[in-house]
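>>> what follows is a protein structure lacking sequence information:
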């Protein structure tokens, strides 16, 4: 059991570590320069200069504290955008890449059903999400103590924990593209475009008459600034994201089951 | 018992025909060769049998399991091996890791024994493998769980002649142990060497189904002979000679160079004695005799227009040239 998931995760380990190190360095940078910037820059004025919708989109409201600064720079940008797109990209390669290289032929010639294969391949993405989160959470928590601006442990844990459903949705968007298209480059680009497009959609419609449209955007349900600045945890949002991820995976399963390889 | 049963199996890609109405059985314990030029539908048939493609019409069974029933197919796969023509192996891991992976998925009862015959460098990354090494690794993967039926698509592509020979021997020994082997090929000599029975596919349709002896008696040999002096085409026009072409001077395939010689190339389906006796009338400077390429056999038996007058065995028999029987001796 879980041989495929284990194999996929193992194959991705190096890439995962690179992402974890990269984001940790990113976090380290903001931890190092954050306190001095916060002292010298009047963020209230800076933030006010932005249109209100972008203030929300980039999580600028809380920029005045280290936690808010990290929420905007590291989590809003590094996690919601970068990591979201990364997992959409990985998801896009899950099946399409193997169809392209005909690796799927060999896998499906083993006694493993298509649904199980797809679920295991998707599950193979989860260790990467967990590992990146665990590493960056540690760096942020310890780093904040080191620069003498500690962030409550539970906030750090929650901002990472709640990112998982969001990343699962991004990966599931990729998975769906991956079973629809046979070329991994098409699937990956499509998934990235959709995840980024949905993020932009939410930014643009927030506080407009079309605000309801933002409900289709995964980023509406994961708000790092609220977690780190206000200690407010959107558990319902996390639930919605889990539901959405499950729905996307079910759609992918249905499509994968019937399609020609 | 029947290892593979195909009942009117048909696969269209949109409007394009992959295979059409393939109906035949492969019995347990036989080596069945599936012969046809590239693009004839050999791979489509194998991939449909394995459930990668869903048939447009018809049905099929592997070891008695219905291939359109997903659960049945998964059960069948426990006893089925598959060797693709271009095995999709992960480049980024070592051969050993890949063997472990497939061993965990399908079981591994005999990879050690197989690795004595086929020797991919297991500790190197698959991405560094030569084509032949990849094929050997794929062979081990296809047979490691000791399957009772193995489907092979151009199995010796990429193997050097020595390894090809070893593979053929191995396949014969497997059948000796009661296994069933189904292999597709576009090389007549390969099918001739290992197979008991042959199905010929052309443009998606089965055009012949017969034993290897029967097929060989019709295939004939390609003969190229260079003789001294000038010789008119009539000089070679004996029974069993087809597609005769005459050229002056040396043929690049034959050694020696002379301006006053004649090269004759033809397909021969007659009696060897008659040919040899006839050729003693010439001073022979060089001679080449080889198996007729499959494409030539197709052209001679079916003409180049497919479906021109029906493609059943009857049509082939009508077109059968010559009366001599080939002994089918190995060369």
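Looks like it came in fine. Because the structure is a prediction, the values reported are computed rather than measured.
>>> quick one: low-confidence parts of chain B?
For chain B, the stretches with pLDDT under 70 are B:216-217, B:248-259, B:293-331.
>>> that one against chain A: which residues are in contact?
Residues of chain B lying near chain A by C-beta under 8 Å from any C-beta of the partner chain: B:47, B:50-54, B:70-71, B:74-75, B:77-78, B:80-82, B:84, B:86-90, B:92-93, B:101-102, B:104-106, B:138, B:141. Heads up, the C-betas are built off the backbone N, CA and C, glycines and all.
>>> which ChimeraX command selects the buried ones in those residues?
Remark: buried members of the residues of chain B next to chain A, expressed as a ChimeraX selection using 16 or more other C-beta atoms under 10 Å in any protein chain shown:
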select /B:47,50,51,52,53,74,77,80,81,82,84,86,87,88,89,90,93,101,102,104,105,106,138,141
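>>> identify the residues contacting residue A:212.
Applying C-beta atoms under 8 Å, 6 or more residues apart in numbering or on different chains to residue A:212 gives the contacts residue A:205.
>>> distance check, it against chain B.
Between residue A:212 and chain B the distance is 40 Å, computed by C-beta to the nearest C-beta, to the nearest Å.
>>> phi, psi of that residue?
The phi/psi pair for residue A:212 (degrees, to the nearest 10) reads phi -60, psi -30.
>>> where along the stretch 101-250 of chain A do the helices fall?
Using DSSP state H, counting those that start in this stretch, the helices of the stretch 101-250 of chain A run over residues A:103-108, A:114-123, A:126-146, A:153-161, A:163-180, A:184-205, A:224-230, A:235-258.
>>> ok, residue A:37 - how many residues close by?
14 (other C-beta atoms under 10 Å in any protein chain shown).
>>> ok, now which ones touch it?
Contacts of residue A:37 were listed using C-beta under 8 Å, 6+ apart, and they are residue A:69.
>>> what about the strands in chain B?
Per DSSP state E, chain B carries strands over the ranges B:2-13, B:16-27, B:31-35, B:57-62, B:65-66, B:80-83, B:149-153, B:180-185, B:197-202, B:205-211, B:221-228, B:241-248, B:261-268, B:284-291.
>>> reformat these as JSON lines; add distance to residue A:207.
Compiled in JSON lines, those are given as follows (distance: least, C-beta to C-beta, whole Å):
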{"stretch": "strand B:2-13", "distance to residue A:207": "50"}
{"stretch": "strand B:16-27", "distance to residue A:207": "53"}
{"stretch": "strand B:31-35", "distance to residue A:207": "66"}
{"stretch": "strand B:57-62", "distance to residue A:207": "57"}
{"stretch": "strand B:65-66", "distance to residue A:207": "58"}
{"stretch": "strand B:80-83", "distance to residue A:207": "57"}
{"stretch": "strand B:149-153", "distance to residue A:207": "60"}
{"stretch": "strand B:180-185", "distance to residue A:207": "64"}
{"stretch": "strand B:197-202", "distance to residue A:207": "65"}
{"stretch": "strand B:205-211", "distance to residue A:207": "66"}
{"stretch": "strand B:221-228", "distance to residue A:207": "81"}
{"stretch": "strand B:241-248", "distance to residue A:207": "82"}
{"stretch": "strand B:261-268", "distance to residue A:207": "83"}
{"stretch": "strand B:284-291", "distance to residue A:207": "79"}
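>>> list the contacts for residue A:3?
By C-beta under 8 Å, 6+ apart, the contact set of residue A:3 is A:120, B:101, B:104-105.
>>> and with 10 Å instead?
A:110, A:112, A:120, B:100-106 (C-beta atoms under 10 Å, 6 or more residues apart in numbering or on different chains).
>>> give me the subset of the residues you listed lying in helices.
Applying DSSP state H to the contacts of residue A:3, the entries found in helices are A:120, B:100-106.
>>> dump the residues you listed into a markdown table; add distance to residue A:97 as well.
Putting the ones in helices among the contacts of residue A:3 into a markdown table (distance: C-beta to C-beta, whole Å) gives the following:
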| residue | distance to residue A:97 |
| --- | --- |
| A:120 | 15 |
| B:100 | 21 |
| B:101 | 16 |
| B:102 | 18 |
| B:103 | 23 |
| B:104 | 21 |
| B:105 | 18 |
| B:106 | 22 |
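>>> tell me the one of the residues you listed nearest residue B:9?
Closest approach to residue B:9 among those (C-beta to C-beta): residue B:106, at 24.8 Å.
>>> gap between the most centrally placed residue in chain B and residue A:106?
Closest to where the C-alpha atoms of chain B average out (C-alpha atoms, centre = their mean) is residue B:185, at 2.5 Å. Per C-beta to C-beta, to the nearest Å, residue B:185 is found 20 Å from residue A:106.
>>> just how off-centre is stretch A:44-60 within its chain?
Chain-centre distance of stretch A:44-60: 22 Å, with C-alpha atoms, centre = their mean, to the nearest Å.
>>> before we move on, what about stretch A:55-74?
From the chain centre to the centre of stretch A:55-74 is a distance of 17 Å (C-alpha atoms, centre = their mean).
>>> by how many degrees do the lengthiest helix in chain B and strand B:149-153 diverge?
Longest helix in chain B, counting residues (DSSP H): helix B:161-176. Following axes from the mean of the first three to the mean of the last three C-alpha atoms, to 10 degrees, one obtains 150 degrees for the angle between helix B:161-176 and strand B:149-153.
>>> make JSON lines out of the contacts of residue A:3 and add distance to residue A:2.
Formatted as JSON lines, the contacts of residue A:3 follow (distance: C-beta to C-beta, whole Å):
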{"residue": "A:110", "distance to residue A:2": "14"}
{"residue": "A:112", "distance to residue A:2": "11"}
{"residue": "A:120", "distance to residue A:2": "6"}
{"residue": "B:100", "distance to residue A:2": "14"}
{"residue": "B:101", "distance to residue A:2": "12"}
{"residue": "B:102", "distance to residue A:2": "15"}
{"residue": "B:103", "distance to residue A:2": "15"}
{"residue": "B:104", "distance to residue A:2": "10"}
{"residue": "B:105", "distance to residue A:2": "11"}
{"residue": "B:106", "distance to residue A:2": "15"}
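>>> returning to what we had before: among the helices of the stretch 101-250 of chain A, which is nearest chain B?
Smallest distance to chain B across these (C-beta to the nearest C-beta): 3.7 Å, for helix A:103-108.
>>> what does the closest one contact?
Taking C-beta under 10 Å, 6+ apart as the rule, helix A:103-108 contacts A:4, A:7, A:95-99, A:114, A:117, A:120-121, A:182, A:261, B:43, B:46-47, B:50-52, B:73-74, B:77, B:82-84, B:86-91, B:98, B:101-102, B:105, B:138, B:141-142, B:153.
>>> average pLDDT across that helix?
On average, the pLDDT along helix A:103-108 is 94.
>>> just stretch A:233-246 next, same as before
For stretch A:233-246, the mean per-residue pLDDT is 95.
>>> what comes up buried for that stretch?
Judged by neighbour count using 16+ other C-beta under 10 Å, the buried positions of stretch A:233-246 are A:233-234, A:237-238, A:240-242, A:244-245.
>>> check stretch A:43-52 too.
A:43, A:47.
>>> gap between residue A:90 and residue A:192?
11 Å.
>>> also residue B:291?
Counting by C-beta to C-beta - residue B:291 and residue A:192 are separated by 53 Å.
>>> of these two, give the one with the bigger neighbour count.
A direct count of neighbours by other C-beta under 10 Å for residue B:291 and residue A:192 places residue A:192 higher, at 21 against 18.
>>> list the residues that contact residue A:14.
By C-beta under 10 Å, 6+ apart, residue A:14 lies in contact with residue B:92.
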